[in-house]
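Engineer: here is my input, please return the structure:
(2 chains)
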Amino acid sequence: MADILGRVVATEHRPNTPHEFHFWTALDAPVGIGTIVRVEGTDAIAGHVPQVHGVVVEGFSYSDLATPLHDVLGADGLPGRAGASPTRRTEIRLYKAAVLRHVPDEPLQPVALGNVFLATEADVEVALRMDAYLRPGASTGIPIGLYRAGATASPIHLDADFLMGPEAAHLNITGVSGLATKTSAVEWLLASIFAHFPQAKGRVAALCFNVKGPDLCFLDQPASRLDAADLELYAKLGVPAEPFAHVEYFAPYTARGYALSTLRSHEALVHNVRPLTWGLREVLQYAEVLLNKDDVDAKADALIDFIRERVVDQDFRDERLGTQHRVMSFTDLERWFSDVLRSMEERNQEVWRTHHIATIRKVRNRLTNISTRCRGLVTDDGTVSDLPWGAFADRGVYVVDVANVEEDAQDLIFARVVTQLRERMEKRTLGVDHVVVFVDELNKYAPSDGPDTYVRKMLLDVAERGRYLGLVLFAAQQFRSQVHRRVVGNSGTALYGRMDVDELATPGYATLAQATRVKLSTLNKGELMVRHPHFAQPVFVHFPRPAVLSGREGVERFPAAAEPGLEEAIVRALRPLDRSISLDWVKEAIALADEEEVLRARNRTLQVRPDDVKAFFRAQLKRRVAPETVAPRARPAIRTSPGDDPYAF
Amino acid sequence: MAESYGGPRNGASAEAAVRLLAQLTGHGSGATAATLTPLEVLERGADQPARLAPAAPLEGASIVRRPVAGSPDVRFTAFLDGIQRSLVLPQPRPTVPVVHGTVGAVIRERADRALRTWGGDHVLDRALYLPVARVEAAWVDAMRAAGFGIEDTSAASADAVHPAEHLSAARDAVQRRREAIEAALAGRWCAEGRGALYVDGGIAALGDAARGATVVGVVKSHRTAYVDGPSLEVVAALPPGDRTTAFVVESRRRAHVASWYLRLREGDGADPFSGIVRLEVAAGAFSPAHADDVSRWVLAEREPVALPDARWRVMAYGIRDCEAYLRAVAFRHG
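Structural biologist: Next up is the predicted model:
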């Protein structure tokens, strides 16, 4: 028989209800905000003595004093004297608990005046309804952390059906920046998902957008420090304390184009870092991401549609144009625009194929400008280096590093990557059955106010319809109140790290008890409050440090390489494909080529990844004939005219 | 008769008694135990006339002020108090009243500055007090059958004609019952030799316990003042911390005790006894030095102040704790 922790009390002024009750405990009872307790009923109903599980949401303490002034008077205004009295005043510890579950569920009655016990591991399972999805052999539980109270240490599981779909899906994480809560929690949870996601539910992968600093740049490197407590948590929760086995990184080039725009540029780590570059075809579909409403009116939109459907990637012939066009790149598109406009000017026409010349000029200006605005991501020549669409690996992590990318390019990357994910998940051609998309700084990308951007619409679409596709959004932000309510509202599971008190004062947290809010504002690293559809009330858990190298430590151990010169950049890019490539070889190979041509050859080589890297790279460079020294031909001797030639001069 | 919950404990509750009488007499008054006013409240102050009863001094020839040397000394290890409630039950023949009496007592032991119930529990006793000979025999039988203890007050009110005499007899019987359980509890405490016991009220009725050297009675009310007129001025003028000469309080049926007045706090300016208690110890254990020691023990209990109780100037917090405890447990079932 477990020790009795407390006793339920109720008065007319403070009655118990079916969803809330009060109990008192000894002064030294191991109870606090978030503690889960079990109440044993007193009278059998329909043959069953009811049990009620609850979680402590508020605590009270008071003495038999009617007013604090009495204590002051009694001690003659000397606080030390009050504490030295031979008898301590009668004091009460009274707690308010929110009901987690009634067993049996019906009839739903106010909580009886029974004894209160600290919940055991089995009680916690019942209280949080985890017993419904932790059935041996058919478990869909994903460990999120360890609930601790007194001697109880109970693993808390999320239901994969409600975390990854199709029942609910999506996860939202809130917490102040700088405490490593949000990123750490996602890294931990992804590891937990990869370890526990049921085989029967298929293959799963994660695509993470690294939006700031080096946060997600070292997911394949082991953590520098996991103490015994962390390892105990990993063991208790059944998750290997190891970095992710399969991680691929993608980043656009810098504006200069020599190196990838990522902090993961240390030579030891570049083997799984790939360029992310797109050409005209990839970008044109998302032109509206980069063009605001002033740019794209109905007329401009019609012309863009025309270009997309009738011009790009096909032979285009028009009797009024000087030449036949095949537009494959931004360079080709610029030639096409020039030809169209020249033709109209020559003929003094204002309209070409129903499109006014002003519209054509405007669209030309906006479209051809994209490759400048998104330099490093968008290539003029149409070279494409993309994520492995259709070949996502089970338990693979794909990190798209947009931390140092211009805002326009970031938007374009978000829009295209997520749209591709959605389309391929619809067609079941991604390579996995479920994919987690992690986006940090959600209040920037899906704000509650501000313009209705394409990125926000796309995130809303994922939040509202993704679960049917297996496309799951894990989103994080510092201020949940500033995120679009449909995005957070569609998140079946929510995690809260340490919160800002001003944020906690916003209406979205009004349903939490004051003590719970205060606890949220003082949570330590490694502690979370979890909301999940199966849990009637939020529950506090501990989770271990991620088993991967943190961004801050990663950049110290693997400092980013400085942006190289052209030759060095080519060496760095090609050496992972062929270790024999040296600086001297590159210098010799590109000696006669201009910079643009060299970069194009590098991009093409990285895209094709040929067996013979050197030969392929050389082949991409224009052939140049080496100058030859030509010896002057000997002049034939001038013949003298015959003396008897009558026509000679 | 089963109670609604909790079950009968040392007799049935006043609530059950009200229901039983209504059932027996067919007379439903609509009253409940909670709506009835205890006799102790109705007759407060009328039970004992104020009087002076000069007692023989034990130190010197007259009652004088005696400063108590030394600092307050925490020596009490427990506090004893009792509680009583007498409710007149509504019935169609109120000239022969039926009184439900509840008495209880508890010792709250102090350990590590916290008070807990000594012996694991309090003592509680409930019974019906009535002149059995004047009540229908069928009712008395029904009361016994329902689990009520019956205390016959016939002997004390054999010649009574006024209903108040019956009530007085019943109330006296309830008080004797309370004193009896307090005496039993104090006796157990002393038998175990567990240290100094602070008793609320006099100790003369505690029987053998009243002869123990470590039992100290602290009397807060002074309807009987054991001094003459001039000495009353000495008592009223005591400064805080000082005591009077000790004197002996004698009783025909009770133990003789040594007693003296001690001022705990400044008075309120209206009541000459405000802030003053009268201490009682066993006469056989008395010595002037012991009186000073006990005075220091009692002075140490001035803190924490027993506020918000109105008697805070003369009440020890331990006694307030006993009362709060007994109120919580004695009447919770009606």
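
Engineer: just the pLDDT at residue A:407, thanks.
Structural biologist: Residue A:407 is assigned 84 on the pLDDT scale.

Engineer: how about it, what does it touch?
Structural biologist: Contact analysis of residue A:407 by C-beta atoms under 8 Å, 6 or more residues apart in numbering or on different chains lists nothing. In short, each C-beta sits where N, CA and C put it, glycine included.

Engineer: where does it fall, phi/psi-wise?
Structural biologist: The phi and psi torsions at residue A:407 (degrees, to the nearest 10) take the values phi -60, psi -40.

Engineer: go on, residue B:67?
Structural biologist: Backbone torsions of residue B:67, given as degrees, to the nearest 10, read phi -60, psi 140.

Engineer: phi, psi of the closest residue to it other than its chain neighbours?
Structural biologist: Spatially, and ignoring its direct neighbours in sequence, residue B:67 is nearest to residue B:242 (5.1 Å; C-beta to C-beta, 6 or more residues apart in numbering or on different chains). Dihedral pair for residue B:242: phi -100, psi 160, per degrees, to the nearest 10.

Engineer: neighbours of residue B:182, just the number please.
Structural biologist: Residue B:182 is flanked by 28 other residues according to other C-beta atoms under 10 Å in any protein chain shown.

Engineer: that's a helix at it, yeah?
Structural biologist: Yes: under DSSP: H, G, I helix; E, B strand; the rest coil, residue B:182 sits within a helix.

Engineer: let me know whether it touches residue B:205 as I believe.
Structural biologist: Yes: if you go by C-beta atoms under 8 Å, residue B:182 and residue B:205 touch, sitting 7.5 Å apart.

Engineer: who are the contact partners of residue 236?
Structural biologist: In the absence of a named chain, chain A is used. By C-beta under 8 Å, 6+ apart, the contact set of residue A:236 is A:146, A:153, A:155.

Engineer: wait, I meant chain B there
Structural biologist: Residue B:236 neighbours (C-beta under 8 Å, 6+ apart): B:267, B:272-273, B:276.

Engineer: next: residue A:2.
Structural biologist: By C-beta under 8 Å, 6+ apart, the contact list for residue A:2 reads A:117-118, A:120.

Engineer: Throw those residues into TSV and include secondary structure, thanks.
Structural biologist: As requested, the contacts of residue A:2 are arranged in TSV below (three-state DSSP):
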residue	secondary structure
A:117	strand
A:118	strand
A:120	coil
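
Engineer: in stretch A:251-263, what's buried?
Structural biologist: A:251-254, A:257-263 (16 or more other C-beta atoms under 10 Å in any protein chain shown).

Engineer: flag the shaky bits of chain A, pLDDT-wise.
Structural biologist: Across chain A, the ranges flagged by pLDDT under 70 are A:1, A:180, A:292-295, A:623-629, A:634, A:636-649.

Engineer: now it against chain B: closest residue?
Structural biologist: Closest residue of chain A to chain B, C-beta to the nearest C-beta: residue A:74 (3.1 Å).

Engineer: which stretch of helix or strand covers residue A:53?
Structural biologist: strand A:51-63 (DSSP states H and E).

Engineer: for that strand, packing partners?
Structural biologist: Under the contact criterion of 3 or more C-beta pairs under 8 Å, 6 or more residues apart in numbering or on different chains; DSSP states H and E, strand A:51-63 touches strand A:36-40, strand A:91-103, helix A:121-127, helix A:514-520.

Engineer: returning to what we had before: most neighbours of all the contacts of residue A:236, which one?
Structural biologist: Counting neighbours by other C-beta under 10 Å, residue A:155 leads the contacts of residue A:236 with 20 neighbours.

Engineer: that residue - that's part of a helix, no?
Structural biologist: No: with three-state DSSP as the criterion, residue A:155 is assigned strand and is not in a helix.

Engineer: would you agree it is in contact with residue A:139?
Structural biologist: No: between residue A:155 and residue A:139 there is no contact under C-beta under 8 Å: 11.5 Å.

Engineer: pick out the residue closest to the middle of the chain.
Structural biologist: This is for chain A. residue A:438 (2.1 Å; C-alpha atoms, centre = their mean).

Engineer: ah, I was thinking of chain B
Structural biologist: Short answer for chain B (C-alpha atoms, centre = their mean): residue B:82, at 5.2 Å.

Engineer: could you look up the SS state of that one?
Structural biologist: Classified using three-state DSSP, residue B:82 is strand.

Engineer: compute the number of surrounding residues for residue A:178.
Structural biologist: Residue A:178 - counted by other C-beta under 10 Å - has 8 other residues nearby.

Engineer: check residue A:525 too.
Structural biologist: 13.

Engineer: I'd say it and residue A:179 touch.
Structural biologist: Yes: Residue A:525 lies in contact with residue A:179 (C-beta under 8 Å); the separation is 5.7 Å.

Engineer: tell me who's in contact with residue 88.
Structural biologist: This is for chain A. Taking C-beta under 8 Å, 6+ apart as the criterion, residue A:88 is in contact with B:113-115.

Engineer: you looked at the wrong chain, it should be chain B
Structural biologist: B:36, B:39, B:94, B:97-99, B:167.

Engineer: can you tell me the closest non-neighbouring residue to residue A:329?
Structural biologist: The nearest residue in space to residue A:329 (C-beta to C-beta, 6+ apart) is residue A:382, at 3.5 Å.

Engineer: ok, now residue A:128?
Structural biologist: Excluding its sequence neighbours, the residue lying closest to residue A:128 (C-beta to C-beta, 6+ apart) is residue A:535, at 5.0 Å.

Engineer: check whether the one you found sits in a helix, strand or coil.
Structural biologist: Per three-state DSSP, residue A:535 ends up coil.

Engineer: counting neighbours, what do you get for residue 277?
Structural biologist: If you meant another chain, say so; for now it's chain A. The number of residues near residue A:277, taken as other C-beta under 10 Å, comes to 26.

Engineer: hmm, no, I was thinking of chain B.
Structural biologist: There are 25 residues near residue B:277, going by other C-beta under 10 Å.

Engineer: mind giving me the packing neighbours of the helix or strand that contains it?
Structural biologist: If you go by DSSP H and E, residue B:277 is part of strand B:276-282. The contact analysis (3+ C-beta pairs under 8 Å, 6+ apart) places strand B:276-282 against strand B:215-219, strand B:257-263, helix B:288-300.

Engineer: ranking those by burial, who's on top?
Structural biologist: strand B:257-263 (a mean of 26; mean count of other C-beta atoms under 10 Å in any protein chain shown).

Engineer: which strands and helices sit next to that strand?
Structural biologist: Counting contacts by 3+ C-beta pairs under 8 Å, 6+ apart, strand B:257-263 packs against strand B:242-244, strand B:247-249, strand B:276-282, helix B:288-300.
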